[in-house]
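Enquirer: give the three-dimensional model of this entry:
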Amino acid sequence: MNNIFHYTSPLGGITLASDGEALTGLWFDEQKFYPHDLIAKSNESELQVFTQTCNWLDTYFNGKVPDFTPLISLHTTPFRKAVYDILLTIPYGQTMTYGEIACILAEKQGVEYMSAQAVGSAVGHNPISIIVPCHRVVGANGNLTGYAGGLDKKISLLKLEKYEV
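Expert: As a prediction, this is how the structure comes out:
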């Protein structure tokens with residue numbers, strides 16, 4: 001059974017999801033790709049992973065770099081998992097382009113070319129926003145592009161990290 005918990009952030013409501021042990025989802029309420037069906041079939045619960053995630057979010061929204069990461073579990077395709085693994089390497093306050101991620105993936109997979117658009121689709125479907133920092137991915141030349149939670153939230157998150165927007 002899926003479990004959910006609601007967190008109130010300075011940028012609005014956030015819904016957390018867990019399989020009972022690990023964090024499986026973190027979405028701004030009503031963002032693009034918000035899992036309405038999953039939420040409707042889940043129980044409101046207080047779990048240790050939710051407490052840890054709320055502590056992580058409290059630290060983050062207070063402008064500090066969290067020194068721990070709650071246990072996460074990404075239930076997704078191998079391609080998307082590979083993209084999310086790269087997102088987890090982007091340091092706080094820094095960005096990476098979709099093209100750079102595509103090049104890293106191509107090299108890791110031993111192929112000549114990887115589509116930046118395919119990377120963009122994977123980034124947009126990230127089920128664990130903020131902790132898997134999809135907001136740190138920008139377009140070519142550093143252009144701020146879409147964010148499932150809304151471009152205003154992406155800008156706020158980057159500013160919180162003291163990134164020059």
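
Enquirer: thinking G120 is in contact with Y98, fair?
Expert: Yes: counting by Cβ atoms under 8 Å, G120 touches Y98, with 5.0 Å between them. For the C-beta atoms, the positions are set from N, CA and C on the backbone; glycine is no exception.

Enquirer: name the residues contacting each of the two.
Expert: T145 (Cβ atoms under 8 Å, 6 or more residues apart in numbering).

Enquirer: so these two - more neighbours on which side?
Expert: Neighbours per residue, other Cβ atoms under 10 Å: of G120 and Y98, the larger number sits with Y98, 22 against 19.

Enquirer: leaving out chain neighbours, which residue sits closest to that one?
Expert: Excluding its sequence neighbours, the residue lying closest to Y98 (Cβ to Cβ, 6 or more residues apart in numbering) is A116, at 4.2 Å.

Enquirer: then K41?
Expert: N2 (6.5 Å).

Enquirer: dump the residue contacts of the most centrally placed residue in the chain.
Expert: The residue lying closest to the centre of the chain (Cα atoms, centre = their mean) is S129, at 2.4 Å. Contact analysis of S129 by Cβ under 8 Å, 6+ apart lists I14, L26, W27, F28, Q31, H135, A148, G149.

Enquirer: and the second one, that one's in a strand?
Expert: Yes: residue state for L26 (DSSP: H, G, I helix; E, B strand; the rest coil) corresponds to a strand.

Enquirer: ok, it to S9 distance?
Expert: Look at L26 and S9: by Cβ to Cβ, to the nearest Å, they are 10 Å apart.

Enquirer: which of these two has more residues huddled nearby?
Expert: Between L26 and S9, counted using other Cβ under 10 Å, the more crowded position is L26 (24 against 17).

Enquirer: am I right that the more buried one is in contact with N126?
Expert: No: contact between L26 and N126 fails when scored by Cβ under 8 Å: they sit 9.1 Å apart.
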